[in-house]
Structure formats: structure tokens, C-alpha cells
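Asker: Pasted the sequence and its predicted model underneath.
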Amino acid sequence: MRKRFAFLVLAALLASCVCAALANAGTYTFPDGTHVGAPDSVVHAPIGVHPPSATAVVGSGIVLSATPDSLTGLEVTSGATAGFVLVFDSATVPADGTVAPALCHQMLASTSWEMPIDPLQPPFFHLGVSVVYSSTGCFTKTASATAFISGQVSP
């Protein structure tokens with residue numbers, strides 16, 4: 001009985017503290033753009049964020065944006081081939097051969113990787129954002145259609 005009473009008292013105190021904190025704090029915006037504590041308790045969608053783009057099946061590349069944008073999310077899952085994720089400041093996927101990517105990340109076969117992005121300072125690309133999965137390295141693109149690529153951009 002004592003334990004239950006102590007639990008109920010603790011739960012009531014915690015609830016009152018949370019309510020008081022929300023009432024006193026006004027609103028709080030999470031990195032994904034949702035809000036809590038708004039007077040009307042409305043959850044807002046992020047402003048200016050495009051819906052995610054992804055390869056429909058395993059592929060070797062995707063154009064996330066053909067206009068100037070910031071890269072706000074990138075996830076890649078490799079198949080049976082180890083390779084490199086190459087991110088380009090380009091409105092098109094470059095042809096195979098010598099390339100100069102803005103970002104490069106090596107991946108093992110059958111693994112997943114999510115690019116860590118600072119939500120306050122996402123990387124900005126002036127021409128567009130294209131992502132490629134290559135089997136040969138950071139500066140030589142050899143398309144390897146063995147990856148699932150998903151990404152998100154915002155202006």
C-alpha cells in the first residue's frame with residue numbers, strides 16, 4: 001500500500017512539473033520542425049522540407065534535387081557489393097569515370113549508413129544534390145546498382 005501511495009504521489013508531482021514547465025516555457029520546436037506547448041496544441045509540419053526521395057529498387061544513383069538545396073537527410077543500404085557513397089553538387093548523376101564528389105563515405109557489403117547532419121547547418125549544394133553508389137572509390141565512379149538510396153533536401 002505504501003509503495004502504491006508513493007508511486008501515485010510521485011506521478012502527480014511529475015505531471016504537475018511537466019504541465020508547469022510547458023505552461024511557463026511557451027513553445028519548443030524539435031529539430032524536425034514539430035512544436036509542443038503551443039497554445040492551441042497544434043503540431044506543425046516542417047516548413048520548406050521536401051518529401052524524401054528514394055530509389056524505387058536497388059540502384060546506383062539518384063538526383064535528390066535539381067535546384068540549390070540543403071541536404072537534410074541521407075540513408076544508404078548496400079547490397080552484396082562493398083562500395084562508396086558519393087554526394088555531388090550537381091543536378092544530374094555524373095557519368096562513370098573520374099569525378100570530384102563533395103562528400104564520400106566507404107561502405108561494407110550488406111550494411112546501412114545514415115549520414116550525420118547538423119540540423120542547424122546542413123550542407124548546402126549550389127547546383128543540386130545527386131547521390132551515387134560506386135564500387136571503385138571516391139574519385140573514380142563506377143556505378144554499382146546494388147544499393148538502396150534515400151535522401152531529403154530543403155531550400
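Answerer: Cool, the structure landed.
Asker: And for residue 91, the neighbour number?
Answerer: For residue 91, the number of neighbouring residues by other C-beta atoms under 10 Å comes to 15. Placement of C-beta: from N, CA and C, glycine included.
Asker: which residue packs closest to it, ignoring adjacent ones?
Answerer: On the basis of C-beta to C-beta, 6 or more residues apart in numbering, the spatially nearest residue to residue 91 that is not a chain neighbour turns out to be residue 128, at 3.3 Å.
Asker: Could you list the domains of this structure?
Answerer: For the chain, automatic domain parsing gives the domain ranges 2-36, 53-154.
Asker: on that earlier part again, in contact with the residue nearest to residue 91, which residues?
Answerer: Under the criterion of C-beta atoms under 8 Å, 6 or more residues apart in numbering, the contact list for residue 128 reads 63-69, 89-92.
Asker: Please report the distance of it from residue 136.
Answerer: Note on residue 128: its distance to residue 136, by C-beta to C-beta, to the nearest Å, is 23 Å.
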